[in-house]
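1. I'd like to go over a predicted model; first the sequence, then the structure.
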Amino acid sequence: MKTTNTNTNAASEAGQTKTTKASKTQLLSALRAFIAQRSGLDARNYGGDRAALMGDYRPILRNGKAARKLLRFVEQRDSITADDLRAGTRAFSGRLQFVEKPGAVGMDYTTGQYFPTEYRAAACAVLASVVWAWLRSCQGASATGETIRKAARREFGRGIASIWFN
């Protein structure tokens with residue numbers, strides 16, 4: 001998503017606008033804040049059924065852990081760019097998008113069913129998409145789905161790889 005910043009300098013007087021694009025660091029900070037937010041899960045919605053509550057809560061925790069691990073991986077790879085992160089937002093039906101404004105970057109998430117149970121999964125899907133594309137580019141012409149899955153399994157372990165790189 002591009003945000004244009006109308007500036008009152010010579011460029012704007014000539015009818016041009018200045019496009020503001022966030023850096024990789026800014027995008028990752030917005031994603032980190034999105035992942036770190038409280039889920040908003042309300043125990044009252046479960047009618048006192050602790051088992052049902054925990055049935056929703058455990059995957060939220062698991063997805064948060066996976067998202068933070070994927071985020072660290074992306075942060076540590078200089079060859080993964082801000083444009084790669086923007087392209088990754090096509091994952092999860094494009095429901096998680098960066099909102100870039102002059103001086104600020106945020107996240108916009110379109111809820112499918114129930115925000116608390118899916119927002120971290122959306123972050124995982126976006127980050128896994130970015131990592132998949134990066135692994136494919138590193139392997140070059142020899143890249144296959146299986147070689148990428150094996151690399152993901154080595155890097156993230158079977159748990160994350162079996163869910164997010166299947």
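-> Yep, it's here.
2. Helices along this protein, start to end?
-> 10-13, 24-36, 50-76, 82-88, 115-139, 145-156, 158-164 (DSSP state H).
3. where does this structure have low pLDDT?
-> Residue ranges of the chain with pLDDT under 70: 1-19.
4. rerun at 90
-> Counting by pLDDT under 90, the ranges of the chain that qualify are 1-21, 103.
5. one step back: most neighbours per residue, which of the helices of the chain?
-> Highest mean neighbour count among the helices of the chain (mean count of other CB atoms under 10 Å): helix 115-139, with a mean of 21. Using the backbone N, CA and C atoms, a C-beta is placed for each residue, glycine as well.
6. which one of the helices of the chain lies closest to V105?
-> helix 24-36 (4.3 Å; CB to CB).
7. Just want the angle from the closest one to helix 115-139.
-> 140 degrees (axes from the mean of the first three to the mean of the last three CA atoms, to 10 degrees).
8. Number of residues surrounding Q97?
-> 16 (other CB atoms under 10 Å).
9. Now it. Nearest residue, chain neighbours left out?
-> D108 (4.8 Å; CB to CB, 6 or more residues apart in numbering).
10. what's in contact with stretch 154-166?
-> For stretch 154-166, contacts defined as CB atoms under 8 Å, 6 or more residues apart in numbering pick out 66, 69-70, 73, 124-125, 128, 131-132, 148-149, 152-153.
11. Mind listing the residues bridging to A104?
-> K101 (DSSP bridges).
12. ok, it to A22 distance?
-> According to CB to CB, to the nearest Å, A104 stands 9 Å off from A22.
13. higher neighbour count, these two?
-> A22 (23 against 12).
14. tell me the contacts of the more buried one?
-> A22 neighbours (CB under 8 Å, 6+ apart): 30, 82, 98, 100, 105.
15. Just the closest of those to R90, please.
-> F98 (12.1 Å).
16. Would you enumerate the residues in contact with the closest one?
-> Neighbouring residues of F98 by CB under 8 Å, 6+ apart: 1, 22, 27, 30, 85-86, 89, 105-108.
17. May I see these arranged in TSV, with distance to G40 as well?
-> Below are these laid out as TSV (distance: CB to CB, whole Å):
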residue	distance to G40
M1	24
A22	26
L27	23
A30	18
L85	25
R86	27
T89	22
V105	22
G106	17
M107	15
D108	16
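18. All set, thanks.
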